[in-house]
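Asker: Sharing a model prediction with you, sequence too.
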Amino acid sequence: MTAVELAYRENSDGIDERNELVMRELPQVYYVAARIRERLPKQVDMEDLVQAGVIGLLEACRNYDSLKDAQF
């Protein structure tokens, strides 16, 4: 197996688990975005807040280590 194949295999391990975690936490992103939007001017789109929240969720999921004793 080449180095590229090994790197791909290491990066693809757990993708299904990460996708499931993101989909399970997605309603929380909408909830937080709606709560934040209540305090912002009307010009701020809900879609922009949700997009920023999803990016944050993806980063948190990427950096999360289930081996550590921490809650997601």
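Answerer: Yes, it's here. Numbering: from 1, shown residues only.

Asker: which strands and helices sit next to the helix or strand hosting L57?
Answerer: Using DSSP states H and E, L57 sits in helix 46-63. Contact partners of helix 46-63 among helices and strands, from 3 or more C-beta pairs under 8 Å, 6 or more residues apart in numbering; DSSP states H and E: helix 15-37. The C-beta positions use only the backbone N, C-alpha and C, and glycine is treated the same way.

Asker: centre of the chain versus the helix it packs on, how much separation?
Answerer: Distance of helix 15-37 from its chain centroid, counting by C-alpha atoms, centre = their mean, to the nearest Å, is 7 Å.

Asker: What's the per-residue pLDDT of L26 here?
Answerer: Looking at L26, its pLDDT reads 94.

Asker: Can you pull out the low-pLDDT segments for this protein?
Answerer: The chain contains residues with pLDDT under 70 at 1-13.

Asker: in the helix holding L57, what counts as buried?
Answerer: By 16 or more other C-beta atoms under 10 Å, the buried positions in helix 46-63 come out as 49-50, 53-54, 57.

Asker: Leaving out chain neighbours, which residue sits closest to I36?
Answerer: Nearest non-adjacent residue to I36, counting by C-beta to C-beta, 6 or more residues apart in numbering: L49, 5.9 Å away.

Asker: measure that neighbour to R37 for me?
Answerer: As judged by C-beta to C-beta, to the nearest Å, L49 and R37 stand 6 Å apart.

Asker: is it true that M46 touches A33?
Answerer: Yes - with contact defined as C-beta atoms under 8 Å, M46 reaches A33; the gap is 6.2 Å.

Asker: check contacts around L49.
Answerer: Taking C-beta atoms under 8 Å, 6 or more residues apart in numbering, we find L49 in contact with 33, 36-37, 40.

Asker: Buried ones among those residues?
Answerer: The neighbour count (16+ other C-beta under 10 Å) marks 33, 37 as buried among the contacts of L49.

Asker: Reformat the contacts of L49 as TSV; add distance to E17.
Answerer: Output for those, formatted as TSV (distance: C-beta to C-beta, whole Å):
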residue	distance to E17
A33	25
I36	28
R37	31
L40	34
